[in-house]
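A.B. asks: sequence below, structure please.
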Amino acid sequence: MNELAGFSIPLFVLHVKRGYEARELHMKAFLARHGLQARWILDRDKPELDEAFLKHWFKGEMQGVSAASSCAAKHLLAWQALLETDAPCALVLEDDIVAVHNFRAALIGLIDEAKERELLLNKAMVLSLENSGLKFVPKQQRVAGIRIYEHTETRCAGAYLISRKAAEHFVHQAETEGIHLPVDWWMNTLFPEPVKVYWSFPTLAEQGSHNGLFDSSIDQKKGGWFRRISWQLQRWFKERFRSR
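C.D. replies: Numbers count the residues shown, from 1 in each chain. Below you'll find the model as predicted:
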């Protein structure tokens with residue numbers, strides 16, 4: 001557990017056991033740098049996706065063994081792990097997350113604002129912390145002193161704060177209807193009802209598989225210096241000037 005803004009909050013890191021050692025080292029350095037403790041979600045790698053599990057929790061093409069179904073299964077395990085605690089919410093991070101230098105302080109600020117606006121306790125909400133997809137709150141909607149903005153969709157699923165109520169809805173929906181899409185697209189089918197989704201601005205993180213630090217584990221995107229420079233230029237422009 002992590003003591004943040006007066007709450008004891010679990011942090012779950014989603015990781016594959018073998019073949020992603022660079023990401024493991026990256027996340028261990030991140031946790032140490034920001035003084036955070038994490039539970040690593042390691043189960044349900046692709047070889048561990050048995051037919052019974054897939055039929056119970058998934059539908060359609062997601063019932064096949066794939067990187068997308070493994071990723072969704074790890075998110076599901078994180079939601080279930082939150083519900084095994086008394087915590088009001090949890091922080092969920094995929095293992096390629098790159099965060100701002102003041103991540104812990106910025107996260108506490110967001111939690112404080114969520115508390116003040118009564119968005120967190122006893123409500124089903126997800127707060128997207130990342131700019132993966134290079135999506136930002138439009139400039140004309142930003143208000144000085146406000147860091148949390150309601151939206152209708154998430155921004156991938158690499159870094160988000162999730163309330164207990166939202167986790168309950170996700171687990172129930174997965175068990176009764178099945179996860180039929182990659183996890184972030186599937187989450188979007190439950191927004192804005194029964195779960196509210198919010199975006200942070202400024203953002204606190206981005207996925208290294210998007211910004212070029214790592215190769216993607218889901219699709220064919222390769223990392224490298226060209227993608228990193230291109231990403232940084234696009235991010236600089238969209239963060240400062242995006243107007244829609």
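A.B. asks: tell me where the model's unsure across the chain.
C.D. replies: Counting by pLDDT under 70, the low-confidence segments of the chain come to 210-228, 230-231, 234-238, 241-244.
A.B. asks: can you map out the strands along it?
C.D. replies: 2-4, 7-9, 11-14, 39-41, 89-94, 97-99, 125-128, 148-151, 159-163, 196-200, 205-207 (DSSP state E).
A.B. asks: nearest to Phe136, of those?
C.D. replies: strand 196-200 (7.9 Å; CB to CB). For the C-beta atoms, the positions are set from N, CA and C on the backbone; glycine is no exception.
A.B. asks: what lines up beside that closest one in the sheet?
C.D. replies: strand 125-128 (parallel), strand 148-151 (antiparallel) (DSSP bridges).
A.B. asks: can you count the residues close to the nearest residue to Arg164 once chain neighbours are set aside?
C.D. replies: Nearest non-adjacent residue to Arg164, counting by CB to CB, 6 or more residues apart in numbering: Pro88, 5.9 Å away. Using other CB atoms under 10 Å, the number of residues around Pro88 comes to 19.
A.B. asks: now the phi/psi pair for Pro88, please.
C.D. replies: Per-residue torsions, Pro88: phi -80, psi -20 (degrees, to the nearest 10).
A.B. asks: the residue nearest to Phe103 when sequence neighbours are not counted and Ala68, how far apart?
C.D. replies: Closest residue to Phe103 apart from its sequence neighbours, by CB to CB, 6+ apart: His34 at 5.1 Å. Between His34 and Ala68 the distance is 29 Å, computed by CB to CB, to the nearest Å.
A.B. asks: who's more crowded, the two?
C.D. replies: Just comparing His34 and Ala68: by other CB under 10 Å the higher neighbour count belongs to Ala68, 21 against 17.
A.B. asks: and Gln37, what is it in contact with?
C.D. replies: Met1, Asn2, Leu11, Leu31 (CB atoms under 8 Å, 6 or more residues apart in numbering).
A.B. asks: list the contacts of the residue nearest to the first one when sequence neighbours are not counted.
C.D. replies: Beyond its immediate neighbours in the sequence, the residue positioned closest to Met1 (CB to CB, 6+ apart) is Ser8, lying 4.2 Å away. Under the criterion of CB under 8 Å, 6+ apart, the neighbours of Ser8 are Met1, Asn2, Asp86, Ala87.
A.B. asks: tally up the residues packed near Lys135, please.
C.D. replies: So Lys135, with other CB under 10 Å, has 18 neighbours.
A.B. asks: if we ignore the residues flanking it in sequence, what's nearest it?
C.D. replies: Lys135's closest residue in space is Arg155 (CB to CB, 6+ apart), at 4.8 Å.
A.B. asks: returning to that earlier point: turn the strands of the chain into a markdown table, columns for distance to Ile111.
C.D. replies: A markdown table is the format used below for the strands of the chain (distance: least, CB to CB, whole Å):
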| stretch | distance to Ile111 |
| --- | --- |
| strand 2-4 | 6 |
| strand 7-9 | 7 |
| strand 11-14 | 13 |
| strand 39-41 | 19 |
| strand 89-94 | 8 |
| strand 97-99 | 15 |
| strand 125-128 | 9 |
| strand 148-151 | 10 |
| strand 159-163 | 7 |
| strand 196-200 | 11 |
| strand 205-207 | 15 |
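A.B. asks: still on that earlier bit, and the residue nearest to Lys135, how far from Cys71?
C.D. replies: For Arg155, the distance to Cys71 - CB to CB - is 16 Å.
A.B. asks: next one: Leu134
C.D. replies: Leu134 is 20 Å from Cys71, by CB to CB.
A.B. asks: the more surrounded of these two?
C.D. replies: More crowded of Leu134 and Cys71, by other CB under 10 Å: Cys71, with 21 against 17.
A.B. asks: neighbours of the closest residue to that one other than its chain neighbours, how many?
C.D. replies: What sits nearest to Cys71 in space, not counting adjacent residues and going by CB to CB, 6+ apart, is Val183, at 5.9 Å. By the criterion of other CB under 10 Å, Val183 has 24 neighbours.
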